[in-house]
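Student: Next comes the sequence, and after it the predicted model I'd like to discuss.
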Amino acid sequence: MKIIIVGCGKVGATIAEQLNSEGHDITIIDQDASAIQAITESIDVMGMTGNGAVYPVQMEAGIQEADLLIATTNSDELNMLCCLIAKKAGNCHTIARIRNPEYSSEIRFIREELNLSMAINPELAAAREISRLLKFPSAIKIDTFAKGRVEILKFKIPESSALHQMKVHEVMPKTGCSVLICAVERGEDVMIPNGDFALQSGDKVSIIASPSESIKFFRQVGIENNSARSVMLVGGGRISYYLAKMLKDTPIKITIIEKDYERCRMLSEELPHVSVIHGDASDQQLLQEEGIRQTDAFASLTGFDEENIMLSLYAASQSKAKLITKVNRIAFENVIGSMNLGSVIYPKLITADTILQYVRAMQNSLGSNVETLYKIVANRAEALEFRVGKESPLIGIPLENLDLKPNLLVACINRGGRILTPRGRDSMEAGDTVIIVTTNTGLNDLKDILR
Amino acid sequence: MNYRMVVYLMGWVLNIEAFLMLLPCAVSLLYRDGCLRYFLPVIAAGWLAGWLCVRRKPKNTVFYAREGMICVALVWICLSLTGALPFWLSGEIPAFYDAMFEVISGFTTTGASILTDVEALSPSMLMWRSFTHWIGGMGILVFMLAILPLTAGGGYSMYLMKAESPGPSVGKMTPKIRNTAKILYTIYLAMTLLQIVLLLLGGMPLFDSLCVTFGSAGTGGFGIKNDSMASYTVYQQAVTTTFMILFGVNFNVYYLFLIRRFKDGLRCEEMRAYLAVILAAVLCITWNIRGMFPSLFSAFHHAAFQVASIITTTGYSTVDFEQWPQFSKTILIVLMLIGACAGSTGGGMKISRLIIGVKEMARELYSSIHPRSVRVLRFEGKAIEHQVIRSVNAFFAAYFVIFAVSVLLVSLDNFDFTTNFTAVAATFNNIGPGLSQVGPMSNFSQLSVLSKCVLMFDMLAGRLEIFPLLILFLPSTWKK
């Protein structure tokens, strides 16, 4: 597809890199010439310097032949204008990043009037992810496939767990649960384990299972897994606001700590069910007073990455709470991964992932058949959900006879709502959706899984 | 330094070169000139060496501007070494450095020859000699980018393209570099075919029209006759004039025509300046030489041919312009330095650099009168990035330094100044013939080995726009 991306910030660049590696023709527009220079030197895309909301610039970028325009500048208004002009000039699909809560509350109206295919709010998406984690605190990351029938869960094997030194093929018989271990991160490495692979404590393991099975599994291997009953949010920004709103009808007790008094007043007014504390969260006594030792979950969501990291490290030293840390800059992902920060939330990556999912689904209607994409480790391992077409050459062949690419796993087959954990004798049938876990990123079609 | 990757790309280039050598093989079969036994071993060796290099794709494909430049420089050197082998093996050019000179002159589309009697070469050798122009004109790495799916996702291909394509700022036409390279080669091929057909219609034999077309498409200029183009008909010469000029235009213009943006194409500032310079030069020379020819038309015809040949850095000739008056010769020397458009197959300093340089000069002048004035330079309707201006200035500096040193070294041969100066100008700008001892009707054979080596360096430096070749001599390039 021909895709135009306006805004070459972190989100724009991440999307461009991913879509380019999937073979799309990307043109990226930004006013900052040095950003454009940098990206055109690192990946094979066309760069243009200029204001992406200007008609001649869009024309030069080839809006008339484009299939999709993605506006990810840091200004909501500019994004909307880009999409509006693109729609009129080129009649393509448009995606805008719109983050201001005042617009977000009217998002449906805006989307319809501007003919947006999708409006993405990074903070809202991040809040959604956090709320999922609060309901399932043992997991570092959760995503759903097959309309919620299957989950992919990432968790860290604790010290002295039953899973320590267990081989992958023993997991199912020993626990009696139908779960599949699909990826293991150990230190810097990402592996797709075979049956003889021995797990170790400290590994970050991704499993695929149905929700009921995964709860059973966690109980069996002795990992506590009750929904958090109380959560402490540091920083009263947009994510905290959306999250508190989302958790309104749950029994979870919410405390928000915010430095700015005016912001506190506003939050208290909007969120009467929340206890809003005015104070500086770097004051340890304040955190103790507000019960950092007793809280089930602790989320550092201030605007400063360093502060968030320090707060989470402090919380880790004080309590056994589920930790959630927001990090804006992606640059040090590998370093951050090695720290004990619980679940790290990157709003920008979430945004990029959500957009990528849309693009894949859009391409779906143009021939590819990826239903959902989930990144296990950014750019290094992903899980993809494919629909098996009627003419697929893979139908009816037992999996053990397929010549699959290395580091690739058929993790799950969903046959009319029934979830099968595939064995060697099983085969795919038309109408199934299958989940593939692989370190070969950029698959576009189910038959790409063959060697 | 990612040596594995450089070697890998080099392997592909060897493979491609071996493949391209099949054309002279076919000619050899057709004419039964007995040269097949010199080409086939080279093809086999090139293919084997290439296969050894590309057997395993390197895992680490990290590639920066440095690797891009080094890769291009090494590829061109290795290309020339292999390309010279058939001439040397067959004994038609006995000395290896002469064979190298000839083939570098071919690949860099210079057209300077050390052969005193071109017509003595066998047909397949003549064909290979001219075909190197065609390969070198658009660039072998660009060809590789167009046909091989090496570049999935990687941005490194841009570095290769930047290092090989002429011009101060190389842009893409389409988001994917592979498509850009394909478009370039499609245009190149289509125009080549058109010229061949037009020459055939004018009654030129197929062999001649292929060689002449390869020479003018790559703006090379190897003639297959001792008198270059003089013995062809006026029609054939006129067709060649037209196509030389066309191949000297920035290929972006043709792309704009292809996607039906005619207005934008015609608005191209560089092309307009290029055509204006040609027109002015042709008129001046016609006026200057009108007495030497029977009719004004004939004077115009030869002036146009020579101007087109020199400014596009082709180097064909229809008359011995050595005999022309000083004014005309001086104009031709100036044209030598200017060269064709960026993004064309021509060499020289490039019209766009000249435009940017002149604009920069005007700005400096203006700001010495109005020291606080702020003026942004514009080119092709867009503000020029400071980096481009900087690179243009650096190019001019490097250009003149190398030029001066080369003239100094060549002067050891004790020829007259015109010979020394134009020998360097003609090779450094990839033109071919100079004036005096290296004029259109003579050749480079009488120069010493040292001078030939200096000129070989100049030809490569001129084709690759200096910096990729200079970087090879920088010690820090090779430090780990």
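Tutor: On my side now, so go ahead. Numbers count the residues shown, from 1 in each chain, chains lettered A, B, ... in the order given.

Student: For the rest of this, base every contact and every neighbour count on C-alpha atoms.
Tutor: Noted.

Student: got any ranges where the stretch 301-450 of chain A has weak pLDDT?
Tutor: Applying pLDDT under 70 to the stretch 301-450 of chain A flags residues A:364-369, A:378-379, A:441-442.

Student: any chance you could map the strands in it?
Tutor: Using DSSP state E, counting those that start in this stretch, the strands found in the stretch 301-450 of chain A span residues A:322-326, A:343-345, A:370-377, A:381-387, A:408-415, A:418-420, A:433-438.

Student: Of all these, which one is nearest chain B?
Tutor: Chain B sits nearest to strand A:381-387 of all the strands of the stretch 301-450 of chain A, at 17.0 Å, using CA to the nearest CA.

Student: mind saving the C-alpha coords of stretch A:440-451 as PDB?
Tutor: The C-alpha coordinates for stretch A:440-451 follow below in PDB (Å, rounded to 0.1, in the frame of the first residue of the first chain):
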ATOM      1  CA  ASN A 440      10.600 -13.600  11.800                       C
ATOM      2  CA  THR A 441       8.800 -10.300  11.900                       C
ATOM      3  CA  GLY A 442       6.900  -8.900   9.000                       C
ATOM      4  CA  LEU A 443       4.800 -12.000   7.900                       C
ATOM      5  CA  ASN A 444       1.900 -11.000   5.700                       C
ATOM      6  CA  ASP A 445       0.200 -14.100   4.700                       C
ATOM      7  CA  LEU A 446      -0.400 -17.500   6.300                       C
ATOM      8  CA  LYS A 447       1.600 -19.300   3.700                       C
ATOM      9  CA  ASP A 448       4.600 -17.200   4.600                       C
ATOM     10  CA  ILE A 449       5.100 -19.500   7.600                       C
ATOM     11  CA  LEU A 450       6.400 -22.100   5.300                       C
ATOM     12  CA  ARG A 451      10.100 -22.200   4.600                       C
END
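
Student: who's in contact with it?
Tutor: Residues outside stretch A:440-451 that contact it (CA atoms under 8 Å, 6 or more residues apart in numbering or on different chains): A:18, A:21-22, A:368-370, A:379-382, A:386-388, A:392-394, A:402-408.

Student: helices and strands around the worst-scoring helix or strand of chain B on mean pLDDT, which ones?
Tutor: The weakest-scoring helix or strand in chain B, judged by mean pLDDT, DSSP states H and E, is helix B:156-164 (a mean of 77). Here helix B:156-164 touches helix A:33-42, helix B:65-90, helix B:140-147, going by 3 or more CA pairs under 8 Å, 6 or more residues apart in numbering or on different chains; DSSP states H and E.

Student: tilt between that helix and helix A:33-42?
Tutor: With axes from the mean of the first three to the mean of the last three CA atoms, to 10 degrees defining the directions, helix B:156-164 sits at 100 degrees from helix A:33-42.

Student: so how far is the helix or strand following helix B:156-164 off the chain centroid?
Tutor: Sequence order places helix B:177-201 as the next helix or strand after helix B:156-164, per DSSP states H and E. Mean-position distance between helix B:177-201 and its chain equals 16 Å (CA atoms, centre = their mean, to the nearest Å).

Student: what angle separates whichever helix or strand comes after helix B:177-201 from helix B:177-201?
Tutor: Counting by DSSP H and E, the next helix or strand C-terminal to helix B:177-201 is helix B:206-217. Angle of helix B:206-217 versus helix B:177-201, following the same axes, to 10 degrees, is 130 degrees.
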